[in-house]
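Trainee: no sequence on this one, just coordinates:
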């Protein structure tokens, strides 16, 4: 009985009451509980299917509550690990989310709850995981080593398909490995997906014919309607496209699952909407837990912001995210390519390298940092490559910039005194 | 130009800075912004596709921030309405969520943000909406008037298919109109969906043959894999089943869209997971906004808790939810049946009736309130019907209980002095 596989979920709970009692209540509510005694609920049944609290680790009290409450503090915090019998949940992600996550957020008596991690048994290796991941991304882009340098269409909205193709031509000539639609670009009336594919893919092909370099373009194919999303996928794949931007929260688990099963494209995940789940540290879900689900569903490339990003996310959170996506769930093949992005222009390369385990298995995406380089986009890409060369060689950006004018110009436009090695 | 259809989204924003400036930043970020100036971004382009702040209504300051911040308060709050040109978004729900919701949660400079409402132009009436809704639910259950009385399998997890069928028989004989699987019941190894359908549907049919009353049973068919979910749907529909419980957040927009297009079943939505979006009043999404999306996607019956629910949700929130689902988006046909549930046993009927517009177009779901009635489940159902008769007749529960022993027994077990009319 005790040998049966278990799904373990760790929650950071916060309560003006007793954390051990709250953990026990969550375990009960998420298995067989209701508000009154029921004749059919036998002890034998409870023993077999009930969730059990395995561990409660006390943390420091918080003076303020996560959710507003009339109750007085201090608010006691703990990390509680609850084990759910696999037999009670199975291997379906909808079941996992409903049983171990959905209901927990509704419980009384807590002033904060955050899902910190899922520890999934081997039976969960049945999920497809990434089709391409790190190795497939390198192969498709023809980048054997070093970071994959990427950019994004700017301005993000408002260009016609033909105008977009001109930006693509500029970026190809600038020397990027990868280009993507802005996540907000899907299928607007002024630049439908088909028109964009028709205009952009010949530019990619033309560049390939001239240079032997096939740039990966990720088209925004997201639709809340999986049939429509597959239509867009097929349109791109049938014409030689290699990748798609997928707004994972907007299509949901069902959309992603449906797409992955049928996909021929490398799936580049944008997690917009995730912030509301994670921005308040006492609430929601830690990225470590969140990203496991989407990796099992098939994300090949995962956008995780970067150091000094333009959004709210602190640097430490990005570093934790990077390590999380690098860690195998069941095998190395289920690791997506980390996509470092948001306000990136190369100035963060050395610190990124040093804080993320000195790996070059990443995509580094510059938007304004490439388009807005004072010497032009080609110089923007070269500046970024120079910055990563500095990281790998153990040089400072200032040292590298001394005889690399593109990096020097970027540093002069966007850099801080520290970056210049001062 | 100014005549083009717009999507209006109202946000409750909170910031230590200037709310008007924050609203303008959101509008810019969600259209053409980046962190540096870009040559291609012309004023003409901005004018056509840019989101615009239409209204900022100041609210009281908050002394504490929604998201923790090092910045000093007070935190200025406002309801900001931003208009997005339809041409920039289209009618796809994934586009709406990414452009108007996803990115907003990531912005710097805010200490709180909550999506309060979507105001969608007529073009959005292209979505399917409920297939059955209120009228279809009544027709399928054969309940011409009055509330539809429902119950749920208890214990919620751990019964075999055969044991579940016995509970169904008891509930049919007790006189319910509707029975559902617990939302956590989908397809566990000990009671697979097929086995449950095989065991339960003959009991429903047998009861129909004996009494002429066809009880609606909603099977938990949710799967994060739309193919698997459709397999479960078909299994139920092919054997004469009428309804399904759908865990909307766990399957996502894509799962729901895929199911609705192909569904023959009445779709009973459980919103578990929603709480984390709405429980902190400064963060996330108001139910009013949330429910519109799921109604457009095709929810027929919407669980919205009830008064004195067993979860965290305050009564006022439930009342707002009830009114929200009753309000047409584009037409009366897009209104789902409100499902009043959680800790309900009839004691809340009079107050529910009086606070929700004196309508009987609702489903009233008792779990423990029926299973745990001291005189048995049949008495539990009768007690609930008596409570609703009291509501309609303008009587107190105590007055009705005087010559109705089932309601009297329920009041004695679960009632408060106020409910007894004391």
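Mentor: Arrived safely. Treat the numbers as computed from the prediction; the structure is a model and nothing was measured.
Trainee: excluding chain neighbours, what is closest to residue A:322?
Mentor: Using Cβ to Cβ, 6 or more residues apart in numbering or on different chains and skipping the chain neighbours, the partner closest in space to residue A:322 is residue A:356 (4.5 Å). From N, CA and C alone the C-beta is placed, and that goes for glycine too.
Trainee: that neighbour and residue B:401, how far apart?
Mentor: 67 Å (Cβ to Cβ, to the nearest Å).
Trainee: more neighbours: which of these two?
Mentor: residue B:401 (26 against 20; other Cβ atoms under 10 Å in any protein chain shown).
Trainee: looking at residue A:29 now. What's its pLDDT?
Mentor: As predicted, residue A:29 sits at a pLDDT of 87.
Trainee: wait, it touches residue A:103, no?
Mentor: Yes. With contacts counted by Cβ atoms under 8 Å, residue A:29 reaches residue A:103, the gap being 6.2 Å.
Trainee: look up phi and psi at residue A:207.
Mentor: phi -60, psi -40 (degrees, to the nearest 10).
Trainee: surely it and residue A:215 touch.
Mentor: Yes. At 6.2 Å, residue A:207 counts as touching residue A:215 under the criterion of Cβ under 8 Å.
Trainee: higher neighbour count, these two?
Mentor: residue A:215 (24 against 18).
Trainee: list the contacts of that one.
Mentor: Shown in contact with residue A:215 (Cβ atoms under 8 Å, 6 or more residues apart in numbering or on different chains): A:141, A:168, A:171-172, A:176-179, A:204, A:207-208.
Trainee: can you rerun that using 6 Å?
Mentor: A:172, A:204 (Cβ atoms under 6 Å, 6 or more residues apart in numbering or on different chains).
Trainee: could you check how far it is from residue A:382?
Mentor: Distance from residue A:215 to residue A:382, by Cβ to Cβ: 16 Å.
Trainee: where's the residue of the stretch 251-400 of chain A found nearest chain B, which helix or strand?
Mentor: Nearest residue of the stretch 251-400 of chain A to chain B (Cβ to the nearest Cβ) works out as residue A:252 at 1.2 Å. Remark: residue A:252 resides in helix A:248-262, with elements defined by DSSP states H and E.
Trainee: and the next helix or strand after that helix, what's buried?
Mentor: Downstream of helix A:248-262, the next assigned helix or strand under DSSP H and E is strand A:266-270. By neighbour count with 16 or more other Cβ atoms under 10 Å in any protein chain shown, strand A:266-270 contains the buried residues A:266-270.
Trainee: which stretches of the stretch 1-150 of chain A have low pLDDT?
Mentor: Along the stretch 1-150 of chain A, segments meeting pLDDT under 70 span A:1-2, A:32-46.
Trainee: show me what residue of it gets nearest to chain B.
Mentor: For the stretch 1-150 of chain A, Cβ to the nearest Cβ, closest residue to chain B: residue A:102, 3.0 Å.
Trainee: correct me if wrong: that residue contacts residue B:272.
Mentor: Yes. With contact defined as Cβ atoms under 6 Å, residue A:102 reaches residue B:272; the gap is 3.0 Å.
Trainee: looking at these two, which has the bigger crowd around it?
Mentor: residue A:102 (25 against 21).
Trainee: report the separation between the more buried one and residue A:9.
Mentor: The value you get for residue A:102 to residue A:9, if Cβ to Cβ is used, is 12 Å.
Trainee: equivalent analysis for residue A:29, please.
Mentor: On the measure of Cβ to Cβ, residue A:29 and residue A:9 end up 13 Å apart.
Trainee: again, but for residue A:297
Mentor: 18 Å.
Trainee: just residue A:225 next, same as before
Mentor: For residue A:225, the distance to residue A:9 - Cβ to Cβ - is 31 Å.
Trainee: what of residue A:199?
Mentor: Counting by Cβ to Cβ - residue A:199 and residue A:9 are separated by 47 Å.
Trainee: who's more crowded, those two?
Mentor: Between residue A:199 and residue A:9, counted using other Cβ under 10 Å, the more crowded position is residue A:9 (25 against 18).
Trainee: would you mind naming the residues that bridge with the more buried one?
Mentor: residue A:82, residue A:118 (DSSP bridges).
Trainee: that one and residue A:100 touch, don't they?
Mentor: Yes. Under the criterion of Cβ under 6 Å, residue A:9 makes contact with residue A:100 at 4.6 Å.
Trainee: what does the stretch 151-300 of chain A put close to chain B?
Mentor: A:154-155, A:157-158, A:183-184, A:186, A:188-190, A:222-226, A:247, A:250-255, A:257-258, A:272-273, A:275-276, A:279-280, A:284 (Cβ under 6 Å from any Cβ of the partner chain).
Trainee: what's the average pLDDT for stretch A:260-280?
Mentor: Stretch A:260-280 comes out at a mean pLDDT of 97.
Trainee: sorry, back to before: per-residue confidence for the residue nearest to residue A:322?
Mentor: Residue A:356 is given a pLDDT of 98.
Trainee: same check, this time on residue A:296
Mentor: 98.
Trainee: does it belong to a helix or a strand, and which?
Mentor: Per DSSP H and E, residue A:296 falls inside helix A:287-297.
Trainee: against which helices or strands is that helix packed?
Mentor: strand A:112-119, helix A:248-262, helix A:315-326 (3 or more Cβ pairs under 6 Å, 6 or more residues apart in numbering or on different chains; DSSP states H and E).
Trainee: other SSEs contacting the second one?
Mentor: Under the contact definition 3+ Cβ pairs under 6 Å, 6+ apart, helix A:248-262 sits against helix A:226-238, helix A:287-297, helix B:248-262.
Trainee: from the chain's centre, how far out does it sit?
Mentor: The chain centroid and the centroid of helix A:248-262 are separated by 14 Å under Cα atoms, centre = their mean, to the nearest Å.
Trainee: equivalent analysis for the first one, please.
Mentor: For strand A:112-119, the gap between its own C-alpha mean and the chain's C-alpha mean amounts to 17 Å (Cα atoms, centre = their mean).
Trainee: check which helices and strands it sits against.
Mentor: strand A:6-15, strand A:283-285, helix A:287-297.
Trainee: change it to 10 Å
Mentor: Judged by 3 or more Cβ pairs under 10 Å, 6 or more residues apart in numbering or on different chains; DSSP states H and E, the packing partners of strand A:112-119 are strand A:6-15, strand A:76-85, helix A:275-278, strand A:283-285, helix A:287-297, helix B:275-278.
Trainee: what are the buried residues along that strand?
Mentor: For strand A:112-119, by 16+ other Cβ under 10 Å, it's A:112-118.
Trainee: now the longest one
Mentor: With burial defined by 16+ other Cβ under 10 Å, the residues of helix A:248-262 counted as buried are A:248-260.
Trainee: now tabulate those residues in JSON lines and tack on distance to residue A:234.
Mentor: Putting the buried residues of helix A:248-262 into JSON lines (distance: Cβ to Cβ, whole Å) gives the following:
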{"residue": "A:248", "distance to residue A:234": "20"}
{"residue": "A:249", "distance to residue A:234": "23"}
{"residue": "A:250", "distance to residue A:234": "20"}
{"residue": "A:251", "distance to residue A:234": "16"}
{"residue": "A:252", "distance to residue A:234": "20"}
{"residue": "A:253", "distance to residue A:234": "22"}
{"residue": "A:254", "distance to residue A:234": "19"}
{"residue": "A:255", "distance to residue A:234": "15"}
{"residue": "A:256", "distance to residue A:234": "17"}
{"residue": "A:257", "distance to residue A:234": "17"}
{"residue": "A:258", "distance to residue A:234": "13"}
{"residue": "A:259", "distance to residue A:234": "11"}
{"residue": "A:260", "distance to residue A:234": "14"}
